[in-house]
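Peer 1: quick one, what's the 3D model for this:
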Amino acid sequence: MLQPSPEPQRAREAGVASREDGRAERRTLTASILLTILLALAGIACGLLVNSSSILFDGVYSLADAALTLLALGVSVLLDRGETRRFQFGFWHLEPMLVLLNSTVLALSCGYALLGAVNDLLGAGRSVAFGPGLWYAAGSGLAALALFLVMRRRARALGSELLAMDARGWLVSGLLSLALGAGFLVAGALQGTRHAALVPYLDPALLAGMTLLLLPLPLGAAWRAGKEILQLAPAGLDGEVRALVAGIAERHGFEAYTTHVAKTGRVRFVDITFLAGPALAAKPLQEFEAVRAEIAAALGAEPPGHWLNIDFTTDRRWL
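Peer 2: Take a look at the predicted model:
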């Protein structure tokens, strides 16, 4: 059987590692904000210069993403603080709330751009200087996809939903820009041909197509964040905990048990209560501590990524 509880040194090392991860997360977010602002300003300037609503939307979309990433940076600082007297369970709940806000803003941006594109399609279209737009779209698209790969790797290394959210933003921006580049290439090929009358409609058509393709990304993220805010039990975690506790209850002779699980941001909350019968009630405290340590080890419940609470009672009402 395992040792009763983790050593204090191990807990301190986990806390130091968590603070280091927090600082690395904030450095990465800061760099992402600066790069996003630069690309956003370039996109807005290019969109105004070539009269392209799709490039202008790309720049405004990126600027909104930079503002939301700035909020993510603030949330990262709060997460690193841990619990306070007022927020005794920490600030983990802010993470899915921010993801929901981010996803909602991006989804509304896509919806607004779609309405503008439809309005242009029903009108006379839009005259665009496609040559300069092609160079901007290709360059910004490749840069954004490269940053997506970097951010995704950092998000996985640090276990950060905030960086994962930022990576999704770079992916969206990169795909958007490359789709624009492909459309501008087609527009350039159509000029001077018998299909030249279609050219003014390509820019709004591209914008409409991109917004329809992009909408599922923020909507899917909003749905996942909403489930965490509502504290819907994750099916995978619930099944893992119930299977583990059932085996321990049978092996150690507990009469019954209850389990409750939730996931908020990057933290898993697990609450377990065992009902001990008369034969177990007289056992020393160390044996129950050993059961607790066994569960913690099986779940990999290391702070600060897990909130594990295990109770033992002889009164069925506490179940």
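Peer 1: in this protein, which spans are helices?
Peer 2: Counting by DSSP state H, the chain has helices at residues 8-50, 53-81, 94-122, 130-158, 161-190, 199-214, 216-229, 235-252, 278-281, 285-299.
Peer 1: which strands and helices lie in contact with the fifth one?
Peer 2: The one in question is helix 161-190. For helix 161-190, the elements it packs on are helix 8-50, helix 53-81, helix 94-122, helix 130-158, helix 199-214, helix 216-229, judged by 3 or more CB pairs under 8 Å, 6 or more residues apart in numbering; DSSP states H and E. Using the backbone N, CA and C atoms, a C-beta is placed for each residue, glycine as well.
Peer 1: what's the first one packed up against?
Peer 2: Pointing back at helix 8-50 there. Using 3+ CB pairs under 8 Å, 6+ apart, helix 8-50 sits against helix 53-81, helix 130-158, helix 161-190.
Peer 1: need those helices in TSV (columns: mean pLDDT, mean neighbour count and distance to Ala262).
Peer 2: Shown next, in TSV, are those (pLDDT from 0 to 100; neighbours: other CB atoms under 10 Å; distance: least, CB to CB, whole Å):
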stretch	mean pLDDT	mean neighbour count	distance to Ala262
helix 53-81	77	21	17
helix 130-158	85	18	22
helix 161-190	79	22	15
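Peer 1: Throw those into a markdown table and include distance to Val99, thanks.
Peer 2: A markdown table is the format used below for those (distance: least, CB to CB, whole Å):
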| stretch | distance to Val99 |
| --- | --- |
| helix 53-81 | 9 |
| helix 130-158 | 12 |
| helix 161-190 | 5 |
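Peer 1: re earlier: and the helices of the chain as JSON lines, adding distance to Phe312?
Peer 2: Output for the helices of the chain, formatted as JSON lines (distance: least, CB to CB, whole Å):
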{"stretch": "helix 8-50", "distance to Phe312": "22"}
{"stretch": "helix 53-81", "distance to Phe312": "31"}
{"stretch": "helix 94-122", "distance to Phe312": "31"}
{"stretch": "helix 130-158", "distance to Phe312": "35"}
{"stretch": "helix 161-190", "distance to Phe312": "33"}
{"stretch": "helix 199-214", "distance to Phe312": "51"}
{"stretch": "helix 216-229", "distance to Phe312": "29"}
{"stretch": "helix 235-252", "distance to Phe312": "10"}
{"stretch": "helix 278-281", "distance to Phe312": "8"}
{"stretch": "helix 285-299", "distance to Phe312": "5"}
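Peer 1: what's the closest of those to Leu319?
Peer 2: helix 235-252 (12.0 Å; CB to CB).
Peer 1: ok, and what's touching that closest one?
Peer 2: Helix 235-252 has contacts (CB atoms under 8 Å, 6 or more residues apart in numbering) with 254, 256-257, 259, 261, 263, 268, 270, 272, 274, 280, 291, 294-295, 298-299.
Peer 1: which one of the helices and strands packed on helix 8-50 lies nearest to Leu212?
Peer 2: When those are compared by CB to CB, helix 161-190 sits nearest Leu212, at 11.3 Å.
Peer 1: could you check the angle helix 94-122 makes with the closest one?
Peer 2: 10 degrees (axes from the mean of the first three to the mean of the last three CA atoms, to 10 degrees).
Peer 1: next one, pLDDT for Val226 please.
Peer 2: Not quite, residue 226 is Gly, not Val. Note on Gly226: pLDDT of 87.
Peer 1: neighbours of it, how many?
Peer 2: Per other CB atoms under 10 Å, the neighbour tally for Gly226 reads 16.
Peer 1: now Leu106
Peer 2: Neighbours around Leu106, by other CB under 10 Å: 24.
Peer 1: next: Ala113.
Peer 2: Neighbour tally, Ala113, other CB under 10 Å: 23.
Peer 1: Ala208 too?
Peer 2: There are 19 residues near Ala208, going by other CB under 10 Å.
Peer 1: sweet, I'm off.
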